[in-house]
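> quick check, what structure comes out for this input:
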Amino acid sequence: MADALRDRVGVYAGFAATGIALALPGALMPAMLARWGLGDARGGWLLFCFFAGTTAGALCARGPLARAAAAGSWLTSLGAIWLTFAGSAAALLAMFGFGAGLGLVMTAVMLLQSRRFPAERRTEMTRLNLLWAAGACAAPTLGLGFGGGVSVVRAAVVFCAMAAAFAVFGLWCWFGESQAAQAVVGSLKDSASPHLTVREAKHPFQWMTQIGAALLLLVFCETGVESSAGGWLAAFASRQSDSAHAVVGAATCYWAGILGSRLVFSSRRMERVPERGLLLANLAAMVLAFAAMLAWPLSGVTMVAAAALGFAQGPVYPLLMAMALRRREAQGIFVVAGLGSSLLPLATGAVSQHMGTLRAGLGVPLAAVGLMLAVGWLGMAAPLMRKERA
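Prediction:
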C-alpha cells in the first residue's frame, strides 16, 4: 500500500511538471516572436516543431515504461537548458527537442497508469489531466519573465529550474519504481492490448481499425484545438492590450478553466454521466466560447471566454483517451494526438499571416471544434462511445 501511494504521488508530481512545460511555449509566444523577430507564420512553425517533437516522443515510448519516462524526463531537461540559450537559428531544433522529451514522458506515464488501474481508467485519466492542468495554470505567471518586461535572467532561472526538476523526476522513474510495479506494467511490446493475437501483430495498423476513424478524428481535432488555443491565446490577448496582466490573465483563465473542469469531472460520481451526452454538451459550449472570443475581441470578453472555453474543454481529452484506450492500448493514439497538436497551430499561424489578423487564424481551431460537434451530433462516433463489457 505504501509503495502504491508513493508511486502515485511521484507520477502525479511529474505529470504536473509536464503541464507547466507544455504550456510555457504558448505563454511565451509574444516574447519569442519579439525576441527572434518572427511573424505569425514562423511562430506557427515554432509550435509545429514543438508539438511534432511530442509526436516523435510518443513514437519512442517503447520498452519498460518507467525507463521510457526517465529517458523522456532527461531529454526534457536538456531541451529546457537549450531553449534558455538558443538563438533564432537553433530555435526550431530546440523546440523540437524540448517537445520530444515531453511527448515521451507523457505517453509513458499515461500508459503506465492506464495499466496499473484498469478498473478506474477513466477517472485516472481525468486525475492525470487535472494535475497537468494545475501545472499549466502556473505557466503564464512563470512566463511573465518574457512577456511582462521582466529580465531575461528570470526566464533563464525558470527554464533551469524546470531542467533540474525533470532531471530529478527522471532519476525517480529510473530508480524509484518498485519491482512489483514493473511486473504489473510490463512493456509496450509485450502487452499492447489484452486482445492482441499473432495475426494482429503482423498488421501494425490494426489498432486504427479497432479504435475507429471517427474517434481518431476527434482525438486529432481535440489536441489541435487545445494546442492552438494554448499556443496563440497569449499572443491574441497581447494585441488587444499592452498590459502584461491582461496577457497573463487571458492565458491563465484558459488553463484555470481546464483545471476547474477536470477537478469537477475527476469525481467518481461523474462516471455515471453518459459519455456521448457529456461530449456533445462540452463541444457545443466550446463552439459558443470560441465564437464569443472572436466576435468581441476585448480584454474582458477574452478572459471570460477563455475561462469558459477551458472549462468546456477540460474533460474532453481524458474522456476521448479513456474511450480509445478501452478499445486498444497502443501508443499510436498518442501519435494521432501529437499530429493534431502540431498541425493545427501551424495552420493557425499560416492563416493569421495570410489574412493579416490572428482573429482569422483562430478560426482554424473554431472550425475543428465545429467538425467535432458535427461528428458527435450525427452519431458517426456513437458506436465507439459505448461502454464495453470486460
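
> only C-alpha atoms for contact and neighbour calcs from this point on.
Will do.

> where does Cys173 fall, secondary structure wise?
For Cys173, the host element (DSSP states H and E) is helix 152-175.

> and the next element down the chain from the one helix or strand Phe236 maps to?
Following DSSP H and E, one finds Phe236 within helix 213-238. Moving toward the C-terminus from helix 213-238, the next helix or strand (DSSP H and E) is helix 244-265.

> tell me what that following helix is packed against?
helix 121-142, helix 144-147, helix 213-238, helix 299-313 (3 or more C-alpha pairs under 8 Å, 6 or more residues apart in numbering; DSSP states H and E).

> looking at those, which is nearest to Leu83?
Closest approach to Leu83 among the helices and strands packed on helix 244-265 is made by helix 144-147 (12.8 Å; C-alpha to C-alpha).

> quick one: secondary structure of Tyr317?
Following DSSP: H, G, I helix; E, B strand; the rest coil, Tyr317 is assigned to helix.

> can you tell me how far it is from Tyr254?
Computed as C-alpha to C-alpha, to the nearest Å, the Tyr317 to Tyr254 distance reads 15 Å.

> more neighbours: those two, which one.
Legend: neighbour count by other C-alpha atoms under 10 Å for Tyr317 and Tyr254, higher for Tyr254 (29 against 20).

> does Ala234 touch Gly26 like I think?
Yes - here Ala234 lies in contact with Gly26, judged by C-alpha atoms under 8 Å, at a distance of 6.7 Å.

> before we move on, which element is the spatially closest residue to Ala291 that is not a sequence neighbour in?
Nearest residue to Ala291, sequence neighbours excluded (C-alpha to C-alpha, 6 or more residues apart in numbering): Leu366, at 7.4 Å. Here Leu366 sits within helix 363-377, counting by DSSP H and E.

> buried residues in that helix, which are they?
For helix 363-377, a neighbour-count test (16 or more other C-alpha atoms under 10 Å) marks 363-366, 368-373, 375-377 as buried.

> low-confidence ranges, this structure, go.
Residue ranges of the chain with pLDDT under 70: 1-7, 119-123, 143-155, 176-211, 242-245, 266-268, 270-271, 328-331, 379-390.

> what separation is there between the closest residue to Pro140 other than its chain neighbours and Gly10?
Excluding the flanking residues, the one nearest Pro140 by C-alpha to C-alpha, 6+ apart is Ala27, at 5.0 Å. Applying C-alpha to C-alpha, the value for Ala27 to Gly10 is 26 Å.

> now the angle from the helix holding Leu366 to helix 213-238?
Interaxial angle, helix 363-377 versus helix 213-238 (axes from the mean of the first three to the mean of the last three C-alpha atoms, to 10 degrees): 150 degrees.

> and helix 363-377, how far from the chain's centre?
Centroid separation between helix 363-377 and its chain, computed with C-alpha atoms, centre = their mean, to the nearest Å, is 18 Å.

> and that helix, what does it pack against?
Under the contact criterion of 3+ C-alpha pairs under 8 Å, 6+ apart, helix 363-377 touches helix 213-238, helix 275-295, helix 332-355.

> so which of those is nearest Thr126?
Nearest to Thr126, of all the helices and strands packed on helix 363-377, is helix 275-295, at 13.3 Å by C-alpha to C-alpha.
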